[in-house]
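S.K.: Sharing a model that was predicted from the sequence below.
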Amino acid sequence: MGQHSLGGGGGRAIGQLLYQFMQTLFDGHGFTTSYWEEAGGFMRLGLIGASGHWQEYATMLRDLPGARVVAVAPGAADEAVSRFDSAAGVTAQTARYASYRDLLAAGDLDAVQVCVKPMRTAPVLAECLRAGIPAMADKPLAATEAQLAEVWAAHKETGKDFSATHMFRKMRSFALAHELVRSGQAGEIVAGHCQISFRWGAARPDWFRTRETFPGTFAFIGVHAVDTAFWTVGDTFRSVTGHESTAPHPDYPACASLAYAMVALDNGGALVLSADFLRPMGASTHGDVRLRLAGTKMTLDASDRDETALAVVDGARDVAMDAPEIPFWYTTWAQHVLGQGAPFMTTREACRITELTLRIQRAIDSGDTQDLRGSITD
């Protein structure tokens with residue numbers, strides 16, 4: 001197999017020496033020290049699997065010119081390594097491994113991305129952490145609460161961070177809703193609805209048909225609604241009841257076409273979180289995410305289709321508020337791995353969002369009210 005471009009156990013040290021040399025060479029010749037700092041230094045990223053949101057890292061590569069994809073490996077036996085050949089940042093120098101375990105054993109990585117089918121995400125993620133490598137994993141981080149506990153245990157044992165592909169954090173309108181709520185301008189949030197809707201497509205893969213290979217609709221896509229609500233209103237979830245239906249596609253008993261959760265908040269308010277595969281095939285985009293919050297000072301409407309949030313203040317006037325520019329979520333995580341600032345979400349938050357999602361899926365499956373308070377991260 002191919003070798004890493006920086007090769008050997010001292011690859012990181014060599015990279016840092018090269019970084020210092022390039023600073024010395026170019027400072028005073030049009031490339032300042034701040035240029036290299038803004039480039040983010042050198043980051044060696046490995047890719048495991050090419051499923052789900054696996055191409056989200058590409059924007060980070062553009063943001064951080066010093067970042068490189070140095071190794072790739074398929075995430076399953078039926079996935080060919082050639083799938084990576086046209087991927088962003090993958091070159092002839094990128095090492096290609098037949099097994100992700102070979103990739104981890106080779107080392108010389110600053111971070112790894114895990115994008116495999118959801119029932120295998122947590123076991124692979126835990127292996128990455130125990131190999132001493134921070135990891136970005138596709139959502140959901142785990143398919144069961146027991147799996148998530150194992151991931152958290154690996155983090156506690158090693159101190160290595162992980163995060164999840166909560167890609168709707170790139171939406172400026174949601175960032176504005178976050179700011180208006182967290183700053184107190186919206187008052188206390190007492191009601192809301194967050195909806196995520198996807199197209200079903202011509203058909204879903206066979207692994208969507210059974211819970212042995214599919215974690216449930218809310219766990220699989222409802223996690224985006226949980227993340228958006230968590231980002232805006234915070235960890236104020238108290239209890240939940242839920243419902244789902246497979247009526248539109250009864251031949252997929254494990255994959256509900258719609259799943260709804262009613263979440264009671266600590267302040268006595270309520271949020272409805274919904275996830276469905278009911279978006280029409282003729283829709284211009286595959287997905288649609290909408291957030292509506294009612295606070296004691298204003299109501300807010302935001303969506304992933306707009307860069308503004310509509311605020312109704314004192315019930316009298318609509319105000320389209322421009323959303324702020326925000327850094328790309330994956331880029332902030334990569335910079336954090338390199339010791340350059342805070343990530344878009346902490347490891348604890350990533351774990352907690354998944355934990356809430358899996359408890360909501362349990363409420364839907366059981367038909368019982370589930371307590372959302374308390375966490376394995378406490």
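M.R.: Great, that's in hand. Numbering: from 1, shown residues only.
S.K.: okay, CA-based contacts and neighbour counts for the rest of this
M.R.: Fine.
S.K.: Just to check, residue 353 is in contact with residue 226?
M.R.: Yes - A contact is recorded between residue 353 and residue 226 when judged using CA atoms under 8 Å, the distance being 6.6 Å.
S.K.: Endpoints of stretch 336-344, how far apart?
M.R.: Across its full length, stretch 336-344 reaches 9 Å end to end, with CA to CA, to the nearest Å as the criterion.
S.K.: Equivalent analysis for stretch 245-254, please.
M.R.: Taking CA to CA as the criterion, the two ends of stretch 245-254 lie 10 Å apart.
S.K.: any idea of the mean pLDDT in it?
M.R.: For stretch 245-254, mean pLDDT rounds to 97.
S.K.: Now do the SS call for the nearest residue to residue 259 once chain neighbours are set aside.
M.R.: Nearest in space to residue 259, with sequence neighbours left out and distances taken as CA to CA, 6 or more residues apart in numbering, is residue 244 at 4.1 Å. Recorded secondary structure, residue 244: strand (DSSP: H, G, I helix; E, B strand; the rest coil).
S.K.: go on, residue 132?
M.R.: At residue 132, secondary structure determined by three-state DSSP is coil.
S.K.: ok, now how distant is it from residue 112?
M.R.: 10 Å.
S.K.: Ok, residue 259 next?
M.R.: Counting by CA to CA, the separation of residue 259 from residue 112 is 32 Å.
S.K.: Can you get me a residue count around the residue nearest to residue 259?
M.R.: Other residues near residue 244 come to 22 when the count uses other CA atoms under 10 Å.
S.K.: quick one: it and residue 254 touch, right?
M.R.: No - if you go by CA under 8 Å, residue 244 and residue 254 don't touch, sitting 10.5 Å apart.
S.K.: Which positions are bridged to residue 193 in the beta structure?
M.R.: Assessed by DSSP bridges, residue 193 has beta-bridge partners residue 272, residue 292.
S.K.: Surely it touches residue 292?
M.R.: Yes - taking CA under 8 Å as the contact criterion, residue 193 and residue 292 are neighbours in contact, 5.3 Å apart.
S.K.: Let me see the domain layout of the protein.
M.R.: When the chain is parsed with automatic domain parsing, its domains come out as 11-167, 171-326+343-371.
S.K.: List just the one of these that sits closest to residue 332.
M.R.: Closest approach to residue 332 among those (CA to CA): domain 171-326+343-371, 4.8 Å.
S.K.: where in the protein is pLDDT low?
M.R.: Along the chain, the parts satisfying pLDDT under 70 run over 1-41, 314-318.
S.K.: what about the strands in the stretch 1-150 of the chain?
M.R.: With DSSP state E, counting those that start in this stretch, the ranges of strands along the stretch 1-150 of the chain come out as 43-48, 67-73, 95-96, 111-114, 135-137.
S.K.: ditto for the stretch 201-350 of the chain
M.R.: Secondary structure of the stretch 201-350 of the chain (DSSP E, counting those that start in this stretch): strands at 237-245, 258-265, 270-279, 287-295, 298-303, 308-313, 317-322.
S.K.: Quick one, which of those strands gets closest to residue 47.
M.R.: Between residue 47 and the strands of the stretch 201-350 of the chain, the tightest spacing by CA to CA is seen for strand 287-295, at 25.0 Å.
S.K.: Can you show me the CA trace of the helix ranked longest in the chain as CSV?
M.R.: When the chain is parsed with DSSP state H, its longest helix is helix 347-366. Taking C-alpha atoms only, helix 347-366 is exported to CSV below (Å, rounded to 0.1, in the frame of the first residue of the first chain):
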residue,chain,number,x,y,z
THR,A,347,-17.3,16.8,22.7
ARG,A,348,-19.8,16.8,25.6
GLU,A,349,-22.4,18.6,23.4
ALA,A,350,-21.9,16.2,20.6
CYS,A,351,-22.5,13.3,22.9
ARG,A,352,-25.4,14.9,24.7
ILE,A,353,-27.2,15.7,21.4
THR,A,354,-26.9,12.1,20.4
GLU,A,355,-28.0,10.9,23.8
LEU,A,356,-31.2,13.0,23.7
THR,A,357,-31.9,11.8,20.2
LEU,A,358,-31.6,8.1,21.2
ARG,A,359,-33.8,8.6,24.2
ILE,A,360,-36.4,10.2,22.0
GLN,A,361,-36.2,7.2,19.6
ARG,A,362,-36.7,5.0,22.7
ALA,A,363,-39.9,7.0,23.6
ILE,A,364,-41.2,6.6,20.1
ASP,A,365,-40.4,2.8,20.1
SER,A,366,-41.9,2.1,23.5
